[in-house]
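**Student:** This is the structure alone, sequence omitted:
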């Protein structure tokens with residue numbers, strides 16, 4: 001396990017592939033103490049196994065997120081592999097590759113016009129250093145990172161929140177508009193009688209601070225049972 005550390009504005013880590021076992025155990029214990037109903041769901045799911053994505057830069061993480069939007073994992077993976085192969089990239093085409101590529105070249109990878117425009121915008125903003133490095137992001141709050149990420153064409157708040165949770169390991173993100181979180185909340189707290197509004201989740205989620213990301217992970221996982 002990698003060692004977690006405190007970052008400005010949030011607890012989490014910015015490198016590695018996993019949150020520390022001790023930190024996850026602390027989060028789970030805190031959530032169970034504050035919310036008995038959620039605690040029962042936590043016991044049913046078991047230990048938190050939240051793992052982080054491995055990418056070399058925020059640019060690479062966001063480029064991958066753009067390609068994967070609104071597609072199944074298999075279809076998106078195929079397109080991303082073509083995207084890499086087109087530029088002979090081992091992990092992801094560089095911002096310079098994308099900025100200099102024609103629309104026809106990018107379309108040949110299977111990318112839509114909207115995703116091409118989003119990738120071009122991301123590449124240009126990265127070239128202008130408007131997208132911070134991971135080192136700089138470690139000093140920014142969640143809100144500041146969401147504002148930066150969502151300034152990229154085609155990257156909304158939801159994508160920025162997923163970036164915070166699954167790449168930066170930020171522990172207090174509440175993606176209450178996410179369908180899976182809403183569906184999991186319905187199963188745990190409403191016995192699936194209805195789908196809650198995001199505001200309802202936000203209200204209960206106040207008691208889950210500072211571990212709302214972990215609570216969200218459990219709401220996703222209850223749907224696998």
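**Tutor:** Great, that's in hand. Keep in mind it's a predicted model, so treat the numbers as computed, not measured.

**Student:** what's the helix or strand for the most far-flung residue of the chain relative to its centre?
**Tutor:** Going by C-alpha atoms, centre = their mean, the residue of the chain most distant from its centre is residue 104, 29.6 Å out. In the assignment (DSSP states H and E), residue 104 maps to helix 103-107.

**Student:** Enumerate the positions of that helix that are buried.
**Tutor:** Of all the residues in helix 103-107, those buried under the rule 16 or more other C-beta atoms under 10 Å are residue 106. Just so you know, the C-beta spots here come from the backbone N, C-alpha and C atoms, and that holds for glycine as well.

**Student:** Quick one: mean pLDDT over it.
**Tutor:** Helix 103-107 comes out with an average pLDDT of 96.

**Student:** Quick one: the strands in this protein, in order.
**Tutor:** All strands of the chain, identified by DSSP state E, fall at 5-7, 10-12.

**Student:** you'd agree residue 154 is up against residue 118?
**Tutor:** Yes: with contact defined as C-beta atoms under 8 Å, residue 154 reaches residue 118; the gap is 3.0 Å.

**Student:** Report the set of residues contacting both of those two.
**Tutor:** residue 66 (C-beta atoms under 8 Å, 6 or more residues apart in numbering).

**Student:** pLDDT averaged over stretch 172-188, what's the number?
**Tutor:** pLDDT averaged over stretch 172-188 gives 97.

**Student:** same thing with stretch 50-64?
**Tutor:** 94.

**Student:** same thing with stretch 78-85?
**Tutor:** 97.

**Student:** who's in contact with that stretch?
**Tutor:** By C-beta under 8 Å, 6+ apart, the residues outside stretch 78-85 that reach it are 64, 67-68, 71, 89-93, 106, 108-111.

**Student:** mind redoing it with 6 Å?
**Tutor:** 67, 109, 110 (C-beta atoms under 6 Å, 6 or more residues apart in numbering).

**Student:** What is the neighbour count of the first one?
**Tutor:** Other residues within reach of residue 67 by the criterion other C-beta atoms under 10 Å amount to 22.

**Student:** now it: how far from residue 165?
**Tutor:** 19 Å (C-beta to C-beta, to the nearest Å).

**Student:** And residue 134, by the same measure?
**Tutor:** Distance from residue 134 to residue 165, counting by C-beta to C-beta: 15 Å.

**Student:** more neighbours, the two?
**Tutor:** More neighbours surround residue 165 than the other of residue 134 and residue 165, with 25 against 15 (other C-beta under 10 Å).

**Student:** so that one sits right up against residue 171, yeah?
**Tutor:** No: applying C-beta atoms under 6 Å as the test, residue 165 and residue 171 come out as separate, 8.4 Å apart.
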